[in-house]
Structures are given as C-alpha cells and as structure tokens.
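K.L.:
predicted coordinates and the sequence they were generated for:
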Amino acid sequence: MEPPKHLIVGLGNPGAAYETTRHNLGFMVIDDIADVYSVSVTEKQRDLWVGCGRIQHCKTVLAKPMAFMNRSGPPVLLLLDKLGLKLEEMLVVHDDIDLAFGRIKIKEKGGHGGHRGITSLMDALGSGDFPRLRMGIGRPDPDMDVSDHVLGRFTSEETAQLGRIIQMGREAAVTVLCKGTKEGMNRFNRKTQNLT
C-alpha cells in the first residue's frame, strides 16, 4: 500500500463545549478538508482522531489531537514517527490572535507566538521547523481576557463570514500540500476575506 506523503494537523480542544469556539478554527478547517475530499477522520489513535485519503494527487493523513490544546505535541510526535514523515511534510492549521479576523498566513517555520498548541508541538518535536497555516481571529477588546476571547464563540457578524474563511483555509492547505509552501505563501499571504 502506498504510504501517505503528508500530514495535516488541525489544532483545537475536544468536546462539545469547545466545538464552535475561536480556538477550534484548526479543527474546523480539517473537517472542511475531510468533507470536500471524502476523508473519514474517525480512526482513534491514542489522543488523536485521524483519517487517510487522497487530496488531489497526494495521499494524506488528516489529524485532530484530542489531548487539549496545551498537550497537542506528544500525540502528534507519535503519529509523525509512525508515518515516517519529516517535520516539513506536516502542515499545522491553527487560530492566531495576531492576525485580523478574515486574514490567513502561511509560514514555513517559526516560533510559537504565545500559542499553547504550537508551544506543545515545539516542545515535543524539539523544533519549530514545520509549516503552519495561521487563521486570524483578531485580538480581543482591551478589557477582555485573551483566554476568554480565544475560548469564546464567534460574533454573529463573524459567523456570517466563517464559512468562506474556512473554505479559504482549506484552499490554502491544499495549495501547500500539492504545490508547496512558497506557492501557498504567494497566493494567500496577502489575501483577506472581504468582510463588508
């Protein structure tokens, strides 16, 4: 059987209480990719839900860590080792408060930027040398705690745009997968969803 060539990991928190929160935008993009490309992300492996399928011409594993955001790293490390994939063959999709809502940005590697899921991954993997797709959720109002913002639900105005933003995230992830991070960066890093 042909081994998978890529892994896409979406970050989020497990459970119905977190399902529609800003911090789960990575899960939402994974679910959209799975739906469009008919990949069933229903196999339980330790603290992960995983599924394997073909996305365009690439055999790919989709994964959602179920160990809560700040413990995402160890199960992802085990999965990478099991698949025999390198760090650069993994794309991590996550929310980002440093990008305005409706904006996405692809990076080839980098630091954690205060994101607990990325911090956990870097601690477990011993490196930040993996591509990531940052999905903007914007910063909270000055009088709101950051945790309350990321664990809160989208406003009605944001919800009206959310489907298109998730679609744009899926298109960006598939571009990185099939054409490489540089092509993805060229196509999507200046692109903003029209929120008017």
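P.N.:
Cool, got the structure.
K.L.:
so is the residue of the chain positioned farthest from its centre in a helix, a strand, or just coil?
P.N.:
Distance from the C-alpha centroid of the chain peaks at Asp143, with 27.8 Å (C-alpha atoms, centre = their mean). What DSSP: H, G, I helix; E, B strand; the rest coil gives for Asp143 is coil.
K.L.:
and it, backbone torsions?
P.N.:
phi -90, psi 10 (degrees, to the nearest 10).
K.L.:
distance check, it against His149.
P.N.:
Using C-beta to C-beta, to the nearest Å, Asp143 is found at 11 Å from His149. Using the backbone N, CA and C atoms, a C-beta is placed for each residue, glycine as well.
K.L.:
and the pLDDT at the residue most central in space within the chain?
P.N.:
Closest residue to the average C-alpha location of the chain: Val93 at 1.6 Å, with C-alpha atoms, centre = their mean. What the model reports for Val93 is a pLDDT of 97.
K.L.:
equivalent analysis for Gln56, please.
P.N.:
88.
K.L.:
now do the contacts for it.
P.N.:
174, 177-178 (C-beta atoms under 8 Å, 6 or more residues apart in numbering).
K.L.:
state the pLDDT value of the residue farthest from the centre of the chain.
P.N.:
84.
K.L.:
now do the longest helix along the chain: everything it contacts.
P.N.:
Looking across the chain with DSSP state H, the single longest helix is helix 156-179. For helix 156-179, the external contacting residues (C-beta under 8 Å, 6+ apart) are 6, 8, 25, 28-29, 32-33, 36, 55-58, 60, 91, 93, 101-102, 104, 106, 131, 133, 135, 154, 183-184, 187-188, 191, 193, 195.
K.L.:
Produce a PyMOL select command limited to the buried residues of these.
P.N.:
Typed into PyMOL, the line below selects the buried ones among these, using 16 or more other C-beta atoms under 10 Å:
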select buried, resi 6+8+25+28+29+32+33+55+60+91+93+101+102+104+106+131+133+135+154+184+188+193
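K.L.:
strands along the chain, start to end?
P.N.:
Here the chain has its strands, by DSSP state E, at 6-10, 43-45, 48-55, 58-65, 90-96, 104-107, 132-136.
K.L.:
those strands: which one's closest to Ser120?
P.N.:
Among these, the nearest to Ser120 by C-beta to C-beta is strand 58-65 (8.7 Å).
K.L.:
and that closest one, what's buried?
P.N.:
Buried, per 16+ other C-beta under 10 Å, within strand 58-65: 60-65.
K.L.:
same thing with stretch 138-146?
P.N.:
Using 16+ other C-beta under 10 Å as the test for burial, stretch 138-146 gives 138, 140.
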